[in-house]
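S.K.: below are the sequence and a predicted model; questions follow.
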Amino acid sequence: MSDEGFTHRFNLSRRRRENTPAGTKKRRDLWVTVEEEAALVARAEREKVTVPNLLITSALSETQETTTERRAAIAELMSLHNLLARSSNNVNQLARQANATSEFPAEAHEALKHLRSVAMRIDRTIEGLM
């Protein structure tokens, strides 16, 4: 068989990473618990890669959020939840006043402005999570 007609094809079922021309420069040892090891092995099998490959691609991926980013997003959502709860109480009080006096309260404009700003913060937070 001649090497002239041979073209290298990318193998999608490959579990290992390609070797680098310069070779491996650093080695990292990682200690995990039995439960963490089982979870890593299970996920690597689901994704059909090796555990080291899974760890490297996960750590270097720009699309994955970090634990710190996730905590910040959760804190922002909790803050927005509290703002909405307080705002809904204000709107209920204004509606009660409007029903009792048959007049639209002047404070309602400010409450609606606040609700719009909270809604915009929710939109920004959701966009940040996407």
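M.R.: On my side now, so go ahead. Residues are numbered from 1 along each chain as shown.

S.K.: tell me how far stretch 22-30 is from the chain's mean position?
M.R.: Stretch 22-30 sits 29 Å away from the centroid of its parent chain (C-alpha atoms, centre = their mean, to the nearest Å).

S.K.: tell me the mean pLDDT for that stretch?
M.R.: Per-region confidence: stretch 22-30 scores 77 on mean pLDDT.

S.K.: then stretch 112-126?
M.R.: Stretch 112-126 comes out at a mean pLDDT of 83.

S.K.: low-confidence regions, the protein specifically.
M.R.: The model of the chain has pLDDT under 70 over residues 1-17, 24, 63-67, 130.

S.K.: tell me which other helices or strands the host helix or strand of Arg70 touches.
M.R.: Using DSSP states H and E, Arg70 maps to helix 67-101. The elements that helix 67-101 packs onto, with contact taken as 3 or more C-beta pairs under 8 Å, 6 or more residues apart in numbering; DSSP states H and E, are helix 107-129. From N, CA and C alone the C-beta is placed, and that goes for glycine too.

S.K.: list the helices and strands the helix it packs on packs on?
M.R.: Against helix 107-129 (3+ C-beta pairs under 8 Å, 6+ apart) you get helix 67-101.

S.K.: rewinding a little: what inclination does the helix holding Arg70 have with respect to helix 107-129?
M.R.: Relative orientation of helix 67-101 versus helix 107-129 (axes from the mean of the first three to the mean of the last three C-alpha atoms, to 10 degrees): 160 degrees.

S.K.: now do helix 67-101: distance to the chain's middle.
M.R.: 23 Å.

S.K.: how distant is whatever helix or strand Ile56 lives in from the center of its chain?
M.R.: Assignment of secondary structure by DSSP H and E places Ile56 within helix 51-60. Between the centre of helix 51-60 and the centre of its chain there are 17 Å (C-alpha atoms, centre = their mean).
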